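Chemist: need a 3D model of the sequence below.
(one chain, ligands or ions: 1)
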Amino acid sequence: MLAEKFDFTRYATVSDVGGALALLSRIVGARHPYLSSTSFDLPPVVPLAQKRISEAGMQERIQAVGGDFFKDDLPKADVVTMGNILHDWNLEKKKVLIAKAYAALPSGGAFIVIENIIDDARRENVFGLLMSLNMLIEFGDAFDYTGADFRAWCGEAGFARFEIIRLAGPTSAAIAYKP
Ligand SMILES: C[S@@+](CC[C@H](N)C(=O)[O-])C[C@H]1O[C@@H](n2cnc3c(N)ncnc32)[C@H](O)[C@@H]1O
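Modeler: Numbers count the residues shown, from 1 in each chain. Model (predicted):
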């Protein structure tokens, strides 16, 4: 849904942070063949991602890179994506990751998170609210968040323009643009 609904045509490179088996890179790359991308995850994940990228015949356009997103700089790209990453962490760590995404983007670049973004009034996205409770139980201090939360944290980091694109079911893409 992100590959269909977000206008990637303005960009050339994508960095998917916490990209696991590079599924986002493979789907977005198949839909937008002019893009090249990096799927960034912990080092033990890299060979698994590489296997999937090779099976898809996309080695020329997708690179799997190993690293720790709290210790290392994020791979630079026109678009930085994080699918189900920010909700794994507490507020302090969420803000660290947002600042790192900002640093990895050029002026005009887009930071996209894909999560069960909760509606600002916290009344409609029941799945997102329950997911937030689940993260709290699993990790003690992790939580899901609203579009307004995302806007406020990204605004603090320097991002200037925001949008929410509804994807499938309870899932949305929240997008912040670097001025
Ligand atoms: C909840 S999964 C999300 C995977 C994928 N983006 C998705 O939406 O399905 C979190 C991912 O973050 C990766 N991860 C966790 N800690 C990390 C770290 N410190 N540095 C880099 N990647 C990390 C995990 O290996 C895992 O692939």
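Chemist: so for the residue lying closest to Pro179 once chain neighbours are set aside, what's the pLDDT?
Modeler: Excluding the flanking residues, the one nearest Pro179 by CB to CB, 6 or more residues apart in numbering is Ala160, at 4.0 Å. All C-beta atoms are positioned from the backbone trio N, CA, C, and that covers glycine. Among the per-residue scores, Ala160 holds a pLDDT of 95.
Chemist: what's the neighbour count on Ala160?
Modeler: 10 (other CB atoms under 10 Å).
Chemist: next one: it from the ligand, what distance?
Modeler: 25 Å (CB to the nearest ligand atom, to the nearest Å).
Chemist: tell me how far that residue lies from Ile175.
Modeler: 12 Å (CB to CB, to the nearest Å).
Chemist: quick one, strands of the chain?
Modeler: Counting by DSSP state E, the segments of the chain that form strands are 13-17, 36-41, 62-66, 79-83, 110-115, 161-166, 172-177.
Chemist: would TSV of those with distance to Ala104 be doable?
Modeler: Supplementary listing: those in TSV, determined by distance: least, CB to CB, whole Å:
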stretch	distance to Ala104
strand 13-17	6
strand 36-41	10
strand 62-66	12
strand 79-83	5
strand 110-115	9
strand 161-166	18
strand 172-177	13
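Chemist: distance to Ala101 and mean neighbour count added to those strands, as CSV?
Modeler: Shown next, in CSV, are the strands of the chain (distance: least, CB to CB, whole Å; neighbours: other CB atoms under 10 Å):
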stretch, distance to Ala101, mean neighbour count
strand 13-17, 7, 25
strand 36-41, 11, 24
strand 62-66, 15, 20
strand 79-83, 4, 26
strand 110-115, 4, 24
strand 161-166, 13, 15
strand 172-177, 8, 22
